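K.L.:
Test case, fold it:
(one chain, ligands or ions: 1)
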Amino acid sequence: MSNIKELDKKYVLPTYARADVEFVSGNNARLLDAEGKKYIDFTSGIGVVSVGHANKRVNSAICEQLSKITHISNLYNIAPQAKAAQKIVEASGFDMQCFFGNSGAEANEGAIKIARKYGERDGEIKRYKIITLQHSFHGRTITTVKATGQESMHNYFGPFPDGFVYADNIDQVESLIDNHTSAVMIELVQGEGGVQPQDKAQVQALAKMLKSKNILLIVDEVQTGVYRTGEFLASNLYEIEPDIITLAKGLGGGVPIGVVMTSLKGVLTAGDHGSTFGGNYLSTAAACEVLDVLKEYSDSGELEKNIDYFNQELEKFYSANRKMFTSKVGIGMMCGLRVKNAETLSAIISNARDEGVMVLKAGKNTLRFLPPLTITREEIDEGFKSLNRAVNSL
Ligand SMILES: *Cc1c(COP(=O)(O)O)cnc(C)c1O
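P.N.:
I've put the predicted structure just below:
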């Protein structure tokens, strides 16, 4: 362990404030570290390991694919890519097509490129501006970090691409639209910004207003997508039909993958966009199995029951600790508790780790929960027991 820490310190760029723990294996929502200590994982690797750690079905799908072929480039047909696209589109209920990349930021880059090209060819004035929201998070590339409505992330890295405009909230969006506006990009539940769900009626009104002005609606579902909110997409839950949707985190069960899907099928043509790794056999074989596992889980009613149970236990924890928390927020398995005193947040998280439960921070004052969707009742119970110990010892 200390050896790994030294290697990390010497050879890895220090872009992360890492906690001093090294996990070596997992099973569903259980984790084991290098010292033999056990944990319950209420983070699923920031919403990634949606099907749990070491999921047997996903692992064997990956192993089977590995034994045949993992990569041959997008110059040829890729069977699991086509199948994954079909599964995603059918689950969404939208008449769309997919492009595969490797991360959330890349998916959003694709969305922005579609919006820019659409704005270029549609009419005489080049429409290139994209309105995003304050406290949003859209990624870490030069373009997606600029799309992110958090000023503090814009230090050092300019000059940035032009055309990103920030609205304080959905209500303010319309007043920021001008002749150059091509699209509006939002998260339906802001994740990194602090587990902040948007109001359904407001979102529906926004979607209607944008349609009437021929401005695209991009929904960044990198965190909310793939059943995190209970529905396949948060867009399904909010009953809207965006023009462009992006997915990533929970889609590959831990294998890097990102998707931009759109009803604007004719905008990008051969040569406009591409990716060396995107959509290869390995990542899309994993995604196909993740999608099957979660579809069965959702269709059987188990997902909904699990969401109810997790939220019921979170509510109990919240009620027992009103001294520390001001509100419970979130939708489905994307939940948070607002802490009264932001300074206590990192102490809660590190105490929780000591007590054997992993939780996350979001925004300035939100304790965030993104458990594997397949977490069991026993794991939920154990996790909250540990979390109670963690806050009681504060
Ligand atoms: C995590 C996240 C991203 C960035 O995804 P990466 O895979 O880290 O590039 C973008 N948008 C949202 C909403 C996210 O939660």
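
K.L.:
Downstream of the host helix or strand of E289, the next helix or strand is which one?
P.N.:
Per DSSP states H and E, E289 falls inside helix 281-299. Sequence order places helix 302-320 as the next helix or strand after helix 281-299, per DSSP H and E.

K.L.:
And that next one, what does it pack against?
P.N.:
helix 281-299, strand 325-331, strand 334-339, helix 377-392 (3 or more Cβ pairs under 8 Å, 6 or more residues apart in numbering; DSSP states H and E). C-beta here means a position set from N, CA and C on the backbone, and glycine is covered the same way.

K.L.:
at 6 Å what do you get?
P.N.:
helix 377-392 (3 or more Cβ pairs under 6 Å, 6 or more residues apart in numbering; DSSP states H and E).

K.L.:
For the helix it packs on, C-alpha coordinates in PDB please.
P.N.:
Only the C-alpha atoms of helix 377-392 are listed here, as PDB (Å, rounded to 0.1, in the frame of the first residue of the first chain):
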ATOM      1  CA  ARG A 377     -31.200  -4.700   1.200                       C
ATOM      2  CA  GLU A 378     -28.500  -6.200   3.400                       C
ATOM      3  CA  GLU A 379     -25.900  -4.000   1.800                       C
ATOM      4  CA  ILE A 380     -28.200  -0.900   2.200                       C
ATOM      5  CA  ASP A 381     -28.800  -1.800   5.900                       C
ATOM      6  CA  GLU A 382     -25.100  -2.300   6.600                       C
ATOM      7  CA  GLY A 383     -24.200   0.900   4.800                       C
ATOM      8  CA  PHE A 384     -26.600   3.000   6.900                       C
ATOM      9  CA  LYS A 385     -25.500   1.300  10.100                       C
ATOM     10  CA  SER A 386     -21.900   2.400   9.300                       C
ATOM     11  CA  LEU A 387     -23.000   5.900   8.300                       C
ATOM     12  CA  ASN A 388     -24.900   6.300  11.600                       C
ATOM     13  CA  ARG A 389     -21.700   5.400  13.500                       C
ATOM     14  CA  ALA A 390     -19.800   7.800  11.300                       C
ATOM     15  CA  VAL A 391     -22.000  10.800  12.100                       C
ATOM     16  CA  ASN A 392     -22.400   9.900  15.800                       C
END
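
K.L.:
any idea of the mean pLDDT in it?
P.N.:
If you average the pLDDT over helix 377-392, you get 97.

K.L.:
The helix holding E289 packs against which elements?
P.N.:
Using 3+ Cβ pairs under 6 Å, 6+ apart, helix 281-299 sits against helix 56-66, helix 79-92.

K.L.:
in it, what's buried?
P.N.:
Buried positions in helix 281-299, judged by neighbour count with 16 or more other Cβ atoms under 10 Å: 281-295, 297-298.

K.L.:
Kindly report the same for stretch 193-206.
P.N.:
In stretch 193-206, counting by 16+ other Cβ under 10 Å, buried: G193, G194, V195, Q196, P197, Q198, V203, L206.

K.L.:
pretty sure the second one is in a strand, no?
P.N.:
The reference is to G194. No: G194 is assigned coil when assessed by DSSP: H, G, I helix; E, B strand; the rest coil, not a strand.

K.L.:
that older thread, right, quick check: the helix holding E289 against the ligand, any contact?
P.N.:
No: for helix 281-299 and the ligand, the contact criterion (Cβ under 6 Å from any ligand atom) is not met; the two come no nearer than 12.5 Å.

K.L.:
One more: stretch 15-27?
P.N.:
No: Stretch 15-27 stays clear of the ligand (Cβ under 6 Å from any ligand atom), getting no nearer than 12.3 Å.

K.L.:
Tell me which of the helices and strands packed on helix 281-299 sits nearest to T262.
P.N.:
For T262, the closest of the helices and strands packed on helix 281-299 is helix 79-92, at 10.5 Å, according to Cβ to Cβ.

K.L.:
what about the helix or strand following the closest one, average pLDDT?
P.N.:
Downstream of helix 79-92, the first helix or strand assigned by DSSP H and E is strand 97-101. Strand 97-101 shows a mean pLDDT of 98.

K.L.:
Next to the ligand in this structure, residues from the stretch 1-150 of the chain, please.
P.N.:
S103, G104, A105, N108, F137, H138, G139.

K.L.:
So what's the residue count around G93?
P.N.:
Counted with other Cβ atoms under 10 Å, the neighbours of G93 add up to 13.

K.L.:
How about the protein: which residue is closest to the ligand?
P.N.:
When scored by Cβ to the nearest ligand atom, the chain has G104 as its residue closest to the ligand, at 2.2 Å.

K.L.:
wait, isn't E192 in contact with S136?
P.N.:
No: taking contacts as Cβ atoms under 6 Å, E192 lies outside contact range of S136: 8.2 Å.

K.L.:
Tell me which helix or strand L367 sits in.
P.N.:
With DSSP H and E as the test, L367 turns up in strand 366-369.

K.L.:
Against which helices or strands is that strand packed?
P.N.:
Partner elements for strand 366-369 (3+ Cβ pairs under 6 Å, 6+ apart): strand 334-339.

K.L.:
what is the orientation angle of the strand it packs on with strand 325-331?
P.N.:
Using axes from the mean of the first three to the mean of the last three Cα atoms, to 10 degrees, the inter-axis angle of strand 334-339 relative to strand 325-331 is 170 degrees.
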